[in-house]
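Engineer: predicted model and sequence below, questions to follow.
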Amino acid sequence: MNPPALSAAGGVVTRGTPAGLEILLVHRHRYGDWSLPKGKPEPGESLEQTALREVREETGQDVELLEFLGETHYVVKQVPKVVRFWRMRPVGTSAPIQDRDEVAEAGWFSTTEALARLTYPGEREIVRLLAGC
C-alpha cells in the first residue's frame, strides 16, 4: 500500500510595476534553490491559512489570498507530495523574514527572471499559467 500524499500550500505573490508583473521568490540555503514560498500545514490549519502563514514567514510580506492557481506533484523520500498554490498580492508593509533557518533571502523578479530562477518545473508551470506564457 502506498503512503498517503503529504499536503502543502503556498503562494504566487505578484505585484504590478511600470515594467510589468513581478513575482516574489525565496532562496532557501538548505536546498540551494529558488522557489515559491510554501510549507506544510500546522494542526487544524486549512490549506489557505497555511499558504498565508508560509508566505508571511518566508517573505515577511502580509498578503491577501486571491484565486487558486493549481497544484504541483512530486515525491519526497518515496512519499508523494501535493502543493496547492494561490495567487496573492501584498497588503500593508513588509517585515523581516521570520523563517531565517530555511530562507536566505526573498526577492521580486519579472516573470521572465522568475521563470529562469525557479528550480522546480512544477512551480515554473504554475507561473507560466499565471502569466499566460
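Structural biologist: Here it is on my side, so go on.
Engineer: state the helix or strand in which the closest residue to residue 51 other than its chain neighbours lies.
Structural biologist: Spatially, and ignoring its direct neighbours in sequence, residue 51 is nearest to residue 9 (4.0 Å; CB to CB, 6 or more residues apart in numbering). Heads up, the C-betas are built off the backbone N, CA and C, glycines and all. Using DSSP states H and E, residue 9 maps to strand 6-17.
Engineer: same question for residue 58.
Structural biologist: Counting by DSSP H and E, residue 58 is found in helix 47-59.
Engineer: mean confidence for that helix?
Structural biologist: Average pLDDT, helix 47-59: 95.
Engineer: quick one: contacts of whatever helix or strand comes next after that helix?
Structural biologist: For helix 47-59, the following helix or strand on the C-terminal side (DSSP H and E) is strand 61-76. Strand 61-76 has contacts (CB atoms under 8 Å, 6 or more residues apart in numbering) with 6, 11-13, 24, 48, 51-52, 55-56, 80-95, 106, 120, 122-123, 125-126, 129-130.
Engineer: kindly recompute the last result at 6 Å.
Structural biologist: With CB atoms under 6 Å, 6 or more residues apart in numbering as the test, strand 61-76 has contacts from 12-13, 48, 55, 81-92, 94, 122, 126, 130.
Engineer: before we move on, the earlier item: so what does the strand holding residue 9 touch, helix or strand wise?
Structural biologist: Judged by 3 or more CB pairs under 6 Å, 6 or more residues apart in numbering; DSSP states H and E, strand 6-17 is in contact with strand 20-28, strand 38-39, helix 47-59, strand 79-94.
Engineer: relative to residue 68, how far out is the residue lying closest to residue 124 once chain neighbours are set aside?
Structural biologist: Among residues not flanking residue 124 along the chain, residue 118 sits closest, at 4.8 Å (CB to CB, 6+ apart). Counting by CB to CB, to the nearest Å, the separation of residue 118 from residue 68 is 19 Å.
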